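Engineer: predicted coordinates and the sequence they were generated for:
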Amino acid sequence: MSNETFPEIREAVRKLCARFPGAYWRELDRERAYPTAFVQALTEAGFLSVLIPEEFGGSGLGLAAATAVLEEIHRSGCNGGACHAQMYTMGTVLRHGTPAQKQAYLPKIATGELRLQAFGVTEPDAGTDTTRISTFAKKVGDKYVVNGRKIWISRAEHSDLMVLLCRTSPRDEAKTSAGMSVLLVDMRQAVGNGLTIRPVRTMLNHATTELFFEDLEVPAENLVGEEGKGFKYILDGMNAERILIASECVGDARFFIDRASQYAKERVVFGRPIGENQGVQFPLARAYVQMTSASLMVDKAAELFEAGQPCGTEANMAKLVASEASWFAADMCLQTHGGFGFAEEYDIERKFRETRLYQVAPISTNLILSHVATHVLGQPKSF
């Protein structure tokens, strides 16, 4: 997003983030702790409910406003990873949830009484081949009984609700995306009663977990949409996720460019600011060009999503160009700072680690290229 969009929202987010400086995030990073105070502040300010319609207590501003929020969070040196799922899960819940589900959950999510922060899709034996998930929900009377396993599920320990994708019928080789359904799982009741959560320590503080389901009972009324059509529903969540993650990458790129640009003007070596050297200037300028281009792609994808138009390709492309822009900017910033970039107190090494994730998740760069090659350029599938 460009700086001209949603200026009031951006300014308010910047002021809020100023209350959570680098020292706050460094301490959390060392302890691998969840940023509870930060998430609470965002909730109270209404930033996590921008996609929830006004009738349910949100502001109903749409995905473009949400991208502005997340971009500014990341540009400020903070991290939206602890809370962005509350935005992108709305792509599934708002578009496909029942009126009763929306009435029961959305007002409480808007106030912060409930957290919807877990998105249960990936499995250890399926990876990004979502059609091969094996977690199974068997209909028994007025409930579903769930058995299976999920991996790389962030924030499960800090969420009251989870959007869970599972199979409700065996995989059909002719219609691989059929037979999957979406359930809203109440984590407060599930943990210890069929759901076990195991934390997975990673190179960044993302509250990542592995989930084990053993005869977990979920009320049938928690089925989102129709049984067997969950893959289509989850795509709306995934497209929103990719667009929102792309906006975070744009924010990260801006953070790195801001820091490197300032440092290059102030750091004097051999009697002059290092920013006078084209070897420093040109990578800075290239990072800015790449970031600006990615920002425009995010705008386009969000516009299509809000209009209810097909946007899978645009969401994927936005995520690819934004993640590559942020990674180039991160490397440039670290190189510009030299040894100081590795010092924790500059926050660059932390953000460097955080933004590297988006080359891999929520979808890898190579799979995006495969999507464009087959769906846009008409090439034969390679898998």
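Structural biologist: Looks like it arrived, so ask away.
Engineer: list the buried residues of the longest helix anywhere in the chain.
Structural biologist: Taking DSSP state H as the criterion, the chain has its longest helix at helix 230-266. By neighbour count with 16 or more other Cβ atoms under 10 Å, helix 230-266 contains the buried residues 230-257, 259-261, 263-264. Yep, even glycine has a C-beta here, placed from its N, CA and C like the rest.
Engineer: go on, stretch 214-221?
Structural biologist: Across stretch 214-221, burial judged by 16+ other Cβ under 10 Å covers 216, 217, 218.
Engineer: neighbours of the residue lying closest to the first one once chain neighbours are set aside, just the number please.
Structural biologist: Excluding the flanking residues, the one nearest residue 216 by Cβ to Cβ, 6 or more residues apart in numbering is residue 194, at 3.1 Å. Residue 194 is flanked by 18 other residues according to other Cβ atoms under 10 Å.
Engineer: please tell me I have it right and residue 194 contacts residue 215.
Structural biologist: Yes: judged on Cβ atoms under 8 Å, residue 194 makes contact with residue 215 at a distance of 5.2 Å.
Engineer: now the common contact residues for these two.
Structural biologist: Here residue 194 and residue 215 have residue 146 as joint contacts, going by Cβ atoms under 8 Å, 6 or more residues apart in numbering.
Engineer: ok, residue 368 to residue 208 distance?
Structural biologist: 22 Å (Cβ to Cβ, to the nearest Å).
Engineer: okay, and residue 77 sits in which element?
Structural biologist: Using DSSP states H and E, no element contains residue 77; it sits outside every helix and strand.
Engineer: how about it, phi and psi?
Structural biologist: Residue 77 adopts backbone torsions of phi 90, psi 0, taken as degrees, to the nearest 10.
Engineer: from what I can see it touches residue 354, true?
Structural biologist: No: using Cβ under 8 Å, residue 77 is not in contact with residue 354; the gap is 10.2 Å.
Engineer: so who does residue 161 touch?
Structural biologist: So residue 161 contacts 105, 109, 114, 115, 116, 117, 118, 184, 185, 186, 187 (Cβ under 8 Å, 6+ apart).
Engineer: next, format those as JSON lines and append secondary structure.
Structural biologist: Shown next, in JSON lines, are the contacts of residue 161 (DSSP: H, G, I helix; E, B strand; the rest coil):
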{"residue": "105", "secondary structure": "helix"}
{"residue": "109", "secondary structure": "helix"}
{"residue": "114", "secondary structure": "coil"}
{"residue": "115", "secondary structure": "coil"}
{"residue": "116", "secondary structure": "strand"}
{"residue": "117", "secondary structure": "strand"}
{"residue": "118", "secondary structure": "strand"}
{"residue": "184", "secondary structure": "strand"}
{"residue": "185", "secondary structure": "strand"}
{"residue": "186", "secondary structure": "strand"}
{"residue": "187", "secondary structure": "helix"}
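Engineer: list buried residues within the residues you listed.
Structural biologist: 105, 109, 114, 115, 116, 117, 118, 184, 185, 187.
Engineer: tell me the pLDDT of the fifth one.
Structural biologist: What it means is residue 116. pLDDT, residue 116: 96.
Engineer: for the first one, same thing?
Structural biologist: Predicted confidence (pLDDT) at residue 105: the value is 96.
Engineer: quick one: the helices in this protein, in order.
Structural biologist: Taking DSSP H as the criterion, the chain carries its helices at 7-17, 22-31, 36-44, 63-75, 85-88, 90-96, 99-111, 187-190, 230-266, 278-306, 312-337, 348-356, 365-371.
Engineer: which two of the buried ones among the contacts of residue 161 have the greatest separation?
Structural biologist: The two members of those with the most space between them (Cβ to Cβ) are 109 and 185, at 14.4 Å.
Engineer: now do the contacts for residue 136.
Structural biologist: By Cβ under 8 Å, 6+ apart, residue 136 lies in contact with 146, 147, 148, 166, 167, 168.
Engineer: OK, contacts around the fifth one?
Structural biologist: The contact partners of residue 167, by Cβ under 8 Å, 6+ apart, come to 133, 134, 135, 136, 137, 179, 180, 181.
Engineer: same thing but at 7 Å, please
Structural biologist: Counting by Cβ atoms under 7 Å, 6 or more residues apart in numbering, residue 167 touches 133, 134, 135, 136, 179, 180.
Engineer: of these, which belong to strands?
Structural biologist: Judged by DSSP state E, those include 136, 180 as members of strands.
Engineer: can you redo the contacts of residue 167 as CSV with pLDDT and distance to residue 86?
Structural biologist: Shown next, in CSV, are these (pLDDT from 0 to 100; distance: Cβ to Cβ, whole Å):
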residue, pLDDT, distance to residue 86
133, 97, 23
134, 97, 28
135, 98, 23
136, 98, 27
179, 97, 28
180, 97, 23
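Engineer: among the contacts of residue 167, name the buried ones.
Structural biologist: Among the contacts of residue 167, the ones that count as buried by 16+ other Cβ under 10 Å are 133, 135, 136, 179, 180.
Engineer: what's the neighbour count on residue 211?
Structural biologist: Residue 211: 26 neighbours (other Cβ under 10 Å).
Engineer: ok, for it, nearest residue in space, not its chain neighbours?
Structural biologist: Nearest non-adjacent residue to residue 211, counting by Cβ to Cβ, 6+ apart: residue 150, 4.2 Å away.
Engineer: and for residue 354?
Structural biologist: Spatial nearest neighbour of residue 354, excluding adjacent residues (Cβ to Cβ, 6+ apart): residue 204 at 5.2 Å.
Engineer: show me the shaky parts of the chain.
Structural biologist: Low-confidence segments of the chain (pLDDT under 70): 1-4.
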